[in-house]
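K.L.:
sequence unavailable; structure follows:
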């Protein structure tokens, strides 16, 4: 589903990615682990074409994401749900509106929004928080809301970039369980983290990064 | 589909305005100030125009004819003057009328009246009073009088004197003053409008700067540019509409006060002028406010959209 082909990203005085090559198949759950600055976030930004590689190519199925025009890029991003460490919720919209906005963005009808939003809020256990604003919610709740927003349009891929970075162990466990549930339903998941405990509780393929390079990929070890 | 999107954008715009709280009202305040400046400029222009017209009205050229000048010649000159595009009006005062006015003016001046009676005959000639449309046009009217054949019978001119040449200096100077006042007025207007636009633009840019993160998030969620930009432009429109309402309302008591206390000084009653031109001013302000709001929002958000 995703193909990185000898991708390097070199900033003026730092190397973020060096000669990264790997493949993610549809339906996989891949954890990418590494210290801060190992290149995990840069890697996810490459898939979303938020950043341009210095060398190499990134494919989403047969699409070279860095060759896309603005309009097609919007279409690509609609096929990917993203969850961030800092949640990136719309602070002046309620929980309900945050999810509704993502549906509006892809042109869903009012009826679909009214029927789907409560359903997904139920799924992440936030039904009672529908009319609260993000700053009235706890970190765990905000992250669950962000996940709800990411999955509402049934994306083919979920990218979760350090989703548990700001959360306590209880909330971390909850988030991991939700992501696993999403993966079980057939959605590909890419999770980045620096937390070994998270990876152990996921128990799937792990790619380890250091200084912009992939130093270990459990897929090849099996 | 398009209508649904439009409806969502408008609803989001109103919601953003409502939730923006203090920031929204700060933007409204700045747009209100800009629109007030525009209103004050409209009023100043009216006062300036009125004052200049008053001055222009005091300027005229009078042709005094000799006592023996035949009336039909004077009337034919009058009709040819009236055909000139520069001439606003020509008024004819006959010999008898001139005498009556003279007597009236000197009714308390016994020796003069007595001297007039002694002469017996009417010593006064008829005259034509000419008003031009523009002060600058008196010169060409005076030149026309020099060349017109109707003014000469045989070898003697029927014109006694034309007071243009005595007034020339005053007319010229007045012309310069009017010209200067208009240019200065335009320049000040231009500068004030530009300053106001820049301040408004910057304020709206700041309100959007606050939402910079949100704009990025909206794009990541897959919202189209129009879906992100639309609500901000609606917000800009709301700033314009609300500010227009506030400005129009504020100028009611302001002009009422000016009308009561400053009419003599300004020459015109500001309240009457405001009421008489209420819808024109309303239209100008509404249009300026909305255009200012929309364009400022459009330009300000462009920076964050293309990331």
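P.N.:
Yep, it's here. Computed from a prediction, not measured in an experiment: that's the story for all the values here.
K.L.:
who touches the host helix or strand of residue A:214?
P.N.:
Assessed by DSSP states H and E, residue A:214 sits inside strand A:213-217. With contacts defined as Cβ atoms under 8 Å, 6 or more residues apart in numbering or on different chains, strand A:213-217 is touched by A:18, A:19, A:20, A:21, A:22, A:39, A:205, A:206, A:207, A:208, A:209. The way it works is simple: take the backbone N, C-alpha and C, and place the C-beta from them, glycine included.
K.L.:
how about a cut-off of 7 Å?
P.N.:
Applying Cβ atoms under 7 Å, 6 or more residues apart in numbering or on different chains, the contact partners of strand A:213-217 are A:18, A:19, A:20, A:22, A:207, A:208, A:209.
K.L.:
sheet-wise, list the partners of that strand with their directions.
P.N.:
strand A:205-210 (antiparallel) (DSSP bridges).
K.L.:
pLDDT (mean, whole number) over the strand it pairs with?
P.N.:
Average pLDDT, strand A:205-210: 92.
K.L.:
next, the buried residues of it.
P.N.:
A:205, A:206, A:207, A:208, A:209 (16 or more other Cβ atoms under 10 Å in any protein chain shown).
K.L.:
can you name the residues in contact with it?
P.N.:
Outside strand A:205-210, the residues that touch it by Cβ under 7 Å, 6+ apart are A:22, A:28-34, A:38-40, A:199, A:214-219.
K.L.:
can you do 6 Å?
P.N.:
Residues outside strand A:205-210 that contact it (Cβ atoms under 6 Å, 6 or more residues apart in numbering or on different chains): A:30-34, A:38-39, A:199, A:214-219.
K.L.:
do the same with stretch B:134-151
P.N.:
So stretch B:134-151 is contacted by B:56, B:59, B:61, B:73, B:76-77, B:86, B:132, B:157-159, B:162, B:164, B:171, B:174-175 (Cβ under 6 Å, 6+ apart).
K.L.:
which of those residues sits closest to chain A?
P.N.:
Relative to chain A, the closest of the contacts of stretch B:134-151 is residue B:56; by Cβ to the nearest Cβ it sits at 57.4 Å.
K.L.:
so where does the closest one fall, helix or strand?
P.N.:
Going by DSSP H and E, residue B:56 is in helix B:22-58.
K.L.:
please tell me how far that helix is from the chain's geometric centre.
P.N.:
Its chain's average C-alpha position is 11 Å from that of helix B:22-58, according to Cα atoms, centre = their mean, to the nearest Å.
K.L.:
now check that helix, is it near chain A?
P.N.:
No. Using Cβ under 6 Å from any Cβ of the partner chain, helix B:22-58 never reaches chain A; the gap is at least 10.4 Å.
K.L.:
just to revisit the earlier point, of the contacts of stretch B:134-151, closest to residue B:291?
P.N.:
Distance to residue B:291 across the contacts of stretch B:134-151 (Cβ to Cβ) is lowest for residue B:56, with 34.4 Å.
K.L.:
ok, and for the helix holding residue B:56, which residues are buried?
P.N.:
For helix B:22-58, by 16+ other Cβ under 10 Å, it's B:23-24, B:27-28, B:30-39, B:41-43, B:46-48, B:52, B:56.
K.L.:
and if you look at stretch A:35-48?
P.N.:
Buried, per 16+ other Cβ under 10 Å, within stretch A:35-48: A:38, A:39, A:40, A:41, A:42, A:43, A:44, A:45, A:46, A:47, A:48.
K.L.:
coming back round to it: average pLDDT for the helix holding residue B:56?
P.N.:
Helix B:22-58 comes out at a mean pLDDT of 86.
K.L.:
strands paired with the next helix or strand after that helix, and their directions?
P.N.:
As assigned by DSSP H and E, the chain's next helix or strand after helix B:22-58 is strand B:61-65. Paired with strand B:61-65 in the same sheet, following DSSP bridges, are strand B:127-132 (antiparallel), strand B:159-162 (antiparallel).
K.L.:
just the buried positions in strand B:61-65, please.
P.N.:
For strand B:61-65, a neighbour-count test (16+ other Cβ under 10 Å) marks B:61, B:63, B:64, B:65 as buried.
K.L.:
between these, which sits nearest chain A?
P.N.:
residue B:61 (69.3 Å).
K.L.:
that closest one: what's it in contact with?
P.N.:
Contacts of residue B:61 by Cβ under 6 Å, 6+ apart are B:130, B:138, B:164.
K.L.:
of those residues - the most surrounded one?
P.N.:
residue B:130 (24 neighbours; other Cβ atoms under 10 Å in any protein chain shown).
K.L.:
which residues does that residue bridge with?
P.N.:
Counting by DSSP bridges, the residues bridging with residue B:130 are residue B:61, residue B:90.
K.L.:
picking up where we left off before, farthest pair within the contacts of strand A:213-217?
P.N.:
Spatially, the most separated pair among those is A:19 and A:208, at 15.3 Å (Cβ to Cβ).
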